[in-house]
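Trainee: got a sequence here, can you model it:
(chains A and B)
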Amino acid sequence: MASYRSIRDFDWPMFVLALAICSMGVLQIFSATHDTKWGDAWWKQVMYIMVSVVIMWFATLIDYHTLLAQVPILYSGSVVILIATFLVGTKIFGSRRWIGYGSFKLQISEFVKLVIVLLVARFLTEIKTEQLELSDLFKLGGLVGLPMLLVMAQPDLGTALTYLPILIVGVFLAGLRWQHAAAIGVIIALVLPLGYFFLKDYLLKDYQRARLVSFVNPSSDPKGSGYQVIQSQIAVGSGALWGRGVTRGSQTQNGFLPVPHTDFIFSAFAEEHGFVGVVVVLGLYFLLLMQIVQNAQIAPDRAGMYLCMGVAALLVFHVLVNVGMVVGRMPVTGIPLPLMSSGGSNTLSIFLMLGLVNNVRLRRFVN
Amino acid sequence: MDLQTDREQERLSSKPLLRDDPKFASAKIAFFQYLTVGVFLFLLTGFWDLQIRNPEVYYLRAEQNRIKSTPVLAARGKIMDRDGRVIVDNHSSYSAIISRENLKEEHLKGIADGLDIEYEALVNRVRRFSAPKYIPLVIKEELTTGELAFVESHRDPDTFPELDLIVAQRRLYPKDGLAAHVVGYVGEISDVELNLEEFAKFHPGDVIGKEGIERQYNDILMGVDGKRQVEVDNLGNERQVLESKPDQPGKNLELTIDLDLQVVAELAMENKRGAVVALDPRNGEVLAMVSRPAYDPNLFATRIRTKDWNDLLKNPAHPLLNKAIQGTQAPGSTFKPIVALAGLETDTIDDTFHVGCGGGASFYGTYFHCHKVHGTVDLHKGIVQSCDVFFYNVGNKLGIDKIAKYAEMAGFGHRTGIDLPHEAEGIMPSTRWKNKLFREKWYAGETISVSIGQGAVAVTPLQLASAIGGIAVGGTWNTPHLAKEPTRLAPARKANLNPDNVQKVIYGMYGVVNEGGTGRPALIPGLNVCGKTGTAQLASNKLLKGTKLGQSMKDNAWFVGFAPREAPEIVIVALFENGEHGPNAAPIVRDVMKAYFDKQARLGRRKTQVEAVNGFEHPTILQVPAVASGGVN
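Mentor: Residues are numbered from 1 along each chain as shown, chains lettered A, B, ... in the order given. Now for the predicted structure:
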């Protein structure tokens, strides 16, 4: 199979787009942290990106069919590690999400995304009918639901929710019956509010409930997550058309904006680069997504198509929720902005997914 | 059925079929693309709303986050007496302020509780405070250690970010209301005052002089506040100073008040009601000014509590009133020297003029009493014995307008122009006055009461002191003033009086004290004190009747005295409310006068020691009557 690969077939546009977004991220991480105790975060991020690109390259070498064949092992391994993380993981900000030794820590739930993408692709590929049966739906729902619950229990609702779009887009493409979709929709519409009222004390942590409430009414909790949203909106709004300049945004520089190099990085970017900068970067994301979708369309088989679309679904969801949060149109969930937010696990997992997409592209002439 | 078995077989086969046609979902992928376009448009509209439609709002809020400005309050100038001794000082204290730019109304409850402020009052003040938003509101002055700790521990961004501290220089007034009416007090400018032209240059929240010297010389005493604008981070830490404008403290002000005399006058008025004014008639400098009852200006030094303010306002003795310049009373017999001067200057009477006093006399069908049977009375005896019948006759011969002319010349019925706010005018009746005010003709019978200082005539203690002092120095009325260097002062008024006539009146007043007259209690051995007693009959003054308590219907006692007779340096008026008889006010004047001359002797400004001389045997005492009697004879 190696003979079909060539540098020419490599998805250069996607790679360049991803690196362009990354460079914007590094610039913004530098600007937001240059005189704080996280002053070296930008350099770390550069290292993460470089390491991620190398690992992506190696990952690309492995045929995605080989990976798909290993899904049972990958999946059960993920579940085991998630349970281990929950039991012995490092606790940061009140939740156990990290596992590792010393300063080397991995956020397992980030890599589980990749496994979910593979799982959904494999499961749906094996179904040859034009439409999904209810039993398949339940099986796949259960398979995706288990790691979701484990991540939720860390607790990390935001990351857990990122598994959902992979599932939803997958079953949509595989042929979801409209009756099933309607039934699920009705059930969710009924269960969510009821569940919220009866189980809110068990399912949602206090801060999660506060986030939900403050999303509906930000000024109800001006010091908590409502405060974060208000400060973020102030930062974005004061950026106006052209932005206040790199290292010149007072919301970012004076600490009014919460975590301006991770979850709220796009808010910091919008403050310092304005609407023009926002349009450029969102444009880059859009082009990147379209490139991934194009790879799905030219994929050699269903599995490849599902893989690419799973990655695309995940990315759209990330961008929607994170950027939506920054402008106050989505609740605060604490998920990073892919390729921009500082963080090794997230960066690596995104590049691995891009590698997966590339992998599909490189093997498109197999048939 | 076939299909189903196929599927089952495929499921069971160990190796799944992974290669197949990927194009089956291309329509759905296209749908996903449209969905993505929708997501991005949705996000872009969010940025459009914030960054393009109204970025100014957010820019302003970012600036409010970033910039913190605190005023640097300028200290007011000190007020000192004529010898440079401090009367009104300042002391540093902490005030709690709230910045209204990032104020959350729901925080006010916690702040009010922590600082022991009435919550309702605080909310009202915050709502009514009309200054620009960047000017913080002072919510409590003179913080105690506990309150200071509260502010320090709650001013962080997570609790009450709007709360802050500033150092303020607070007024420290003398205790027990010493010179309270002279210095006045300061206070936060009121809404009413803000609308007055006088206060146009001030802002809400400014502390300004409200009364007395504090108000009159506010421009000198009040400094210019500085400003400090810093950039802060989310924890309130200063990152850089954006603007720093130092404050300009107010200038000190020296008064003409002599604290030594002031203290003596205050002590002399202890537990009494009324007023004392001591003037230097040669230049109009006010040496002492007392009004009793007094109030504690320190109540105003911070923010006066509503209860304290109401107590002061409702007190029937009107402690806020400066009786020295605002309390108008009938001058009673203290008016007689002026009537005598008018008689002499208009040649209505001369040395030979005399009347017989049988304890009263009839004029225009009404019988007017005298307090005693005086027998034959001439001018000198008339003044010394304060014979009413003599002055009824002089007044009757003069007519009201001649009396009024000389009384107004001495300053009656007009403000003296002292550098204090709210001075009263007093009343000097005349035909013109009555016609103007009541559109009525003057009846000659009314003149009889006026000629002994009763009837409509009303003066303030300051007017009386200025009037008699001006006569004592031969007809020059210097405008009384409290500041050593007054900013605006009316020039002195001069009258071309016959020195002989003046000396005859002065001689009469000398006799009042030194020849067994009604002013005997004011006698100071070794000093030629001249004076005149007076009694303001309250029963005849309907205006005062209504405002006084029942027990205080006793007549008010006056005494006006000056010394030394040969070259008057000081004129003192004491008004002793409910003192019944003029002689009861004389010791007050004597005490202050003695303090003055004792001090002069101590400082070596006078050759003779008043207290060391044994009464009438001193050469100056013997000499002066000789000069005066020469004039009389």
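
Trainee: pLDDT value on residue A:220, please?
Mentor: The score at residue A:220 is 51. That number is its pLDDT.

Trainee: count of residues packed around whichever residue of chain B sits closest to chain A?
Mentor: Among the residues of chain B, residue B:58 lies closest to chain A, at 2.5 Å counting by C-beta to the nearest C-beta. (Glycine included, C-beta is placed from N, CA and C.) Using other C-beta atoms under 10 Å in any protein chain shown, residue B:58 is surrounded by 22 other residues.

Trainee: which pLDDT value goes with it?
Mentor: 89.

Trainee: for residue B:488, same thing?
Mentor: 85.

Trainee: likewise the one 3 residues further on?
Mentor: Residue B:491 is assigned 92 on the pLDDT scale.

Trainee: closest residue of the stretch 151-300 of chain A to chain B?
Mentor: Closest point on the stretch 151-300 of chain A to chain B, by C-beta to the nearest C-beta, is residue A:237, at 2.5 Å.

Trainee: just the element for the residue of chain B closest to chain A, please.
Mentor: helix B:55-66 (DSSP states H and E).

Trainee: what is the subsequent helix or strand relative to that helix?
Mentor: Next helix or strand after helix B:55-66 toward the C-terminus (DSSP H and E): strand B:67-72.

Trainee: now for that following strand, which elements pack on it?
Mentor: Judged by 3 or more C-beta pairs under 8 Å, 6 or more residues apart in numbering or on different chains; DSSP states H and E, the packing partners of strand B:67-72 are strand B:163-172, strand B:226-232, strand B:238-245.

Trainee: run through who's touching the longest one.
Mentor: If I follow you right, that is strand B:163-172. B:68, B:70-76, B:88-99, B:107, B:111, B:136, B:138, B:141-143, B:148, B:151-152, B:154-155, B:185-186, B:297-298, B:300-302 (C-beta atoms under 8 Å, 6 or more residues apart in numbering or on different chains).

Trainee: can I get the CA coordinates of the helix or strand just after it in CSV?
Mentor: For strand B:163-172, the following helix or strand on the C-terminal side (DSSP H and E) is helix B:180-183. The C-alpha trace of helix B:180-183 is given here as CSV (Å, rounded to 0.1, in the frame of the first residue of the first chain):
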residue,chain,number,x,y,z
ALA,B,180,-18.6,78.3,66.7
HIS,B,181,-20.6,81.1,65.2
VAL,B,182,-17.5,82.9,64.0
VAL,B,183,-15.9,80.0,62.2
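
Trainee: what lies in contact with helix B:180-183?
Mentor: B:79, B:87-88, B:173-174, B:211-214, B:255, B:257, B:286, B:289-291, B:294-297, B:322-324, B:420, B:482.

Trainee: quick one: the helices in the stretch 151-300 of chain A?
Mentor: A:157-175, A:178-203, A:206-216, A:225-239, A:250-253, A:265-297 (DSSP state H, counting those that start in this stretch).

Trainee: on that earlier part again, from the contacts of strand B:163-172, list the buried ones, please.
Mentor: B:68, B:70-76, B:88-90, B:93-99, B:107, B:111, B:136, B:138, B:141, B:143, B:151, B:154-155, B:185-186, B:297-298, B:300-302 (16 or more other C-beta atoms under 10 Å in any protein chain shown).

Trainee: what about those, which are in strands?
Mentor: Secondary structure defined by DSSP state E assigns B:68, B:70-72, B:88-90, B:93-98, B:138, B:186 of those to strands.

Trainee: low-confidence ranges in chain A?
Mentor: A:1-7, A:90-97, A:100-104, A:195-225, A:365-367 (pLDDT under 70).

Trainee: 50 - rerun?
Mentor: Within chain A, the stretches with pLDDT under 50 are A:1-3, A:222, A:367.

Trainee: center of it, which residue is that?
Mentor: Centroid-nearest residue in chain A, with C-alpha atoms, centre = their mean: residue A:318, separated by 4.4 Å.

Trainee: relative to residue A:359, how far out is it?
Mentor: As judged by C-beta to C-beta, to the nearest Å, residue A:318 and residue A:359 stand 21 Å apart.

Trainee: residue B:491 now?
Mentor: Residue B:491 is 106 Å from residue A:359, by C-beta to C-beta.

Trainee: likewise for residue B:108?
Mentor: Residue B:108 is 62 Å from residue A:359, by C-beta to C-beta.

Trainee: quick one, which of the two is more surrounded?
Mentor: residue A:359 (25 against 20).

Trainee: thought that one was touching residue A:62?
Mentor: Yes - here residue A:359 lies in contact with residue A:62, judged by C-beta atoms under 8 Å, at a distance of 7.3 Å.

Trainee: so how many other residues sit close to the closest residue to residue B:578 other than its chain neighbours?
Mentor: Using C-beta to C-beta, 6 or more residues apart in numbering or on different chains and skipping residues adjacent in sequence, the residue nearest residue B:578 is residue B:554, 4.2 Å away. Residues near residue B:554, counting by other C-beta under 10 Å, number 15.
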